[in-house]
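Engineer: pasted the sequence and its predicted model underneath.
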Amino acid sequence: MLLASAQDARAVAPPASLGRHARLNPWRLEPVDLRRFIRLGIEHIYTGALDPKRGYLPFVRFNLTDPPTWARHEYWGSPHMVGRFLDALAQCAEVVDAPHDDKAVQGLTKLLHNCLDNPWGLPFDTLPDPQGRKTGNMHHCREVLLALVGLARWRGCERSLELARGLVRAMEKATRETGAYPSHMLGEKAWLEPEPGWINYTTGRAIGALTAYYRATEDALAVDLAKRFADYNIEKTFRPDGELTEASGYHLHSTEGTMASILDLGALTGEQRFLAFGRKLYDVGLPRYRTSYGWAKESTNAHPGGRGEANNTGDFIEAALTLAQHVDRAYYADAERFIRNGLLASQMVHTDWIVQSEEADTDDYAYSDIRKRARGAFAFTTPNGYHSYNTDLMGGALRALCKAHRGTVTREKDNCRVNMLFAADTPWLSIDSRLPAEGRVTIRIKQPSTLWVRPLEGVAKDGVQVTVDGESRSAAWAGGELIIDSLAPGATAEVAFDLTERRAQEDARGWGTSEVHWRGNTIIAMTPAQGPIGLY
């Protein structure tokens, strides 16, 4: 099982200059190493979100605000949460060195494989739905396919590859006639009555899983099917200018997942039409549902206000990173800002505010050690407070952090690009970033390199100081990026700048206006707060 380090075993107070009031995640105001947050998320999955007594069936819903507090099983636990967890664990294994629980992985794998053991070849829920029926939700095809690909890549599981191939063909067969499923719900013998607004919820969000499967297998059917889904969704659920139609449905995570998936399809195939349309969705149709700091609404039809979802923030981060890598590097600024604020602020590092229950655990409810169980999870939030938690949020949050960590530094021949100012350790260089406590980034060179550093947004060029091995250098710029050339292995470059503070007003859809105190690209305070514990 995973053990946190001595330092990570408590919620560490932020530097005095950044304030000391209670927050859900005080770590984000310390120098940020994304791997620290990823490891804590992994630990939450293994020690808090799985039930060994029921074959490692995931808990679905946590109640942390109204005593007695608990974690509960529901029919969404498998395969949806199973797929989320296995995909996340496989992603995390590529970027952090962390122990894994073999029994838990075996239990999750069995649940995943069993969900496809039916004549349709499509995923069915392990538990009956609220009406007592055995059903399959086509929403889950994305998570199941991603998990199968993850197991094949992470664990070398050939059976998972076989099942993935079969699932792709079952998806193609079911959507061949119209480009969409007959319904989002499948019964044991027939499709259930269709409902409006379920296209992005089923086929749109699955495009990214198909591109992941293609990268692992080069199965041409996956790209053909992904293009079919993309074309159908673009025609039916969006307007040509990137605005949403009623057919896009209310579930914004599915629509934003469709956006991120269309962009990934463009990156995979090189087809500019997908990159261009995904950019329209990002720039035109969807910004109204998020803030500048990355808080992103769960749905369009929620009661006034409504909660924000870490999965949605993760969609915007993944989309921004794809746009930065393939369209315009300026989108890295969005990705970094959304991570430092919207995503990391939603991770539950401090859990002392949760009332510990005294009840005994049952088959469906876990009451014991609820503070420990919850630690490391990514929550639903208000613009400035904890709202609630369901375990599927771990998938989108950890996927986004892993993609961000991989994209922090990229290399093209002898050019190393520092795209975001997070800590990193690559074969070419390592980064010690002191943000947001102070404006100082130290880069240690491992291979001969010319550095391209994307500076923190809002920092003036004449406010940047550069030293190499302790000696001052003139700052050279190209395309808005700092260039430090002719760096030999063993050299140390340091980039320093003043972090300006500013106050601004921000509107969050349905919640009104907040007063936001920024330091650089990090929020250090916000009013008003909502919920039992604030974010900022």
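Structural biologist: Thanks, I have it.
Engineer: excluding its backbone neighbours, what's nearest Thr202?
Structural biologist: Spatially, and ignoring its direct neighbours in sequence, Thr202 is nearest to Met138 (4.1 Å; C-beta to C-beta, 6 or more residues apart in numbering). Bear in mind the C-beta positions are built from the backbone N, C-alpha and C, glycine included.
Engineer: low-scoring pLDDT stretches of the stretch 301-450 of the chain, where are they?
Structural biologist: Scanning the stretch 301-450 of the chain for pLDDT under 70 picks out 302-304.
Engineer: other SSEs contacting the strand or helix carrying Thr258?
Structural biologist: For Thr258, the enclosing helix or strand under DSSP states H and E is helix 252-269. Counting contacts by 3 or more C-beta pairs under 8 Å, 6 or more residues apart in numbering; DSSP states H and E, helix 252-269 is packed against helix 207-217, helix 220-237, helix 272-280, helix 310-326.
Engineer: just the angle between the last one and helix 207-217, please?
Structural biologist: What that stands for is helix 310-326. Put simply, helix 310-326 runs at 60 degrees to helix 207-217, going by axes from the mean of the first three to the mean of the last three C-alpha atoms, to 10 degrees.
Engineer: how far out from the middle of the chain is the next helix or strand after helix 310-326?
Structural biologist: Downstream of helix 310-326, the next assigned helix or strand under DSSP H and E is helix 331-337. Centroid displacement of helix 331-337 relative to its chain, using C-alpha atoms, centre = their mean, to the nearest Å, is 14 Å.
Engineer: mind exporting the C-alpha coordinates of helix 331-337 to PDB?
Structural biologist: Only the C-alpha atoms of helix 331-337 are listed here, as PDB (Å, rounded to 0.1, in the frame of the first residue of the first chain):
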ATOM      1  CA  TYR A 331      -2.500  28.600 -24.400                       C
ATOM      2  CA  TYR A 332       0.100  27.300 -21.900                       C
ATOM      3  CA  ALA A 333      -0.800  30.300 -19.800                       C
ATOM      4  CA  ASP A 334      -4.400  29.000 -19.400                       C
ATOM      5  CA  ALA A 335      -3.200  25.500 -18.600                       C
ATOM      6  CA  GLU A 336      -0.900  26.700 -15.900                       C
ATOM      7  CA  ARG A 337      -3.400  29.100 -14.400                       C
END
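Engineer: which ones are touching the residue nearest to Trp295 when sequence neighbours are not counted?
Structural biologist: Leaving aside its sequence neighbours, Trp295 sits nearest to Gly308 (C-beta to C-beta, 6+ apart; 4.5 Å). Shown in contact with Gly308 (C-beta atoms under 8 Å, 6 or more residues apart in numbering): 295-298, 342, 346, 380-383, 387.
Engineer: which residue of this protein sits farthest from its center?
Structural biologist: The centre of the chain is farthest from one residue, Glu471, which by C-alpha atoms, centre = their mean lies 39.8 Å away.
Engineer: and the contacts of Gly308, which is closest to Thr442?
Structural biologist: Nearest to Thr442 among the contacts of Gly308 is Gly342, at 26.8 Å by C-beta to C-beta.
Engineer: phi, psi of the residue nearest the centre of the chain?
Structural biologist: Taking C-alpha atoms, centre = their mean, the centroid of the chain lies closest to Ala397, which sits 2.8 Å from it. Dihedral pair for Ala397: phi -70, psi -50, per degrees, to the nearest 10.
Engineer: now Val495
Structural biologist: phi -120, psi 120.
Engineer: what pairs with it across the strands?
Structural biologist: Val441, Val466 (DSSP bridges).
Engineer: so what's it up against?
Structural biologist: Val495 sits next to 440-441, 443, 453, 455, 464-466, 482 when contact means C-beta under 8 Å, 6+ apart.
Engineer: what subset of the residues you listed is buried?
Structural biologist: Using 16 or more other C-beta atoms under 10 Å as the burial test, the contacts of Val495 include 440-441, 443, 453, 455, 464, 466, 482 as buried.
Engineer: turn the residues you listed into JSON lines, columns for distance to Phe229.
Structural biologist: Shown next, in JSON lines, are the buried ones among the contacts of Val495 (distance: C-beta to C-beta, whole Å):
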{"residue": "Arg440", "distance to Phe229": "46"}
{"residue": "Val441", "distance to Phe229": "41"}
{"residue": "Ile443", "distance to Phe229": "42"}
{"residue": "Val453", "distance to Phe229": "38"}
{"residue": "Pro455", "distance to Phe229": "39"}
{"residue": "Val464", "distance to Phe229": "45"}
{"residue": "Val466", "distance to Phe229": "47"}
{"residue": "Leu482", "distance to Phe229": "41"}
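Engineer: nearest to Arg176, of these?
Structural biologist: Val453 (49.3 Å).
Engineer: and the closest one, what pLDDT?
Structural biologist: We have a pLDDT of 97 for Val453.
Engineer: please enumerate the strands of the stretch 301-450 of the chain.
Structural biologist: For the stretch 301-450 of the chain, applying DSSP state E, counting those that start in this stretch gives strands covering 365-366, 380-382, 385-390, 409-412, 415-418, 424-425, 429-433, 440-445, 449-453.
Engineer: re earlier: ok, the residue nearest to Thr202 - contacts?
Structural biologist: 122, 174, 181, 183-186, 198, 201-203.
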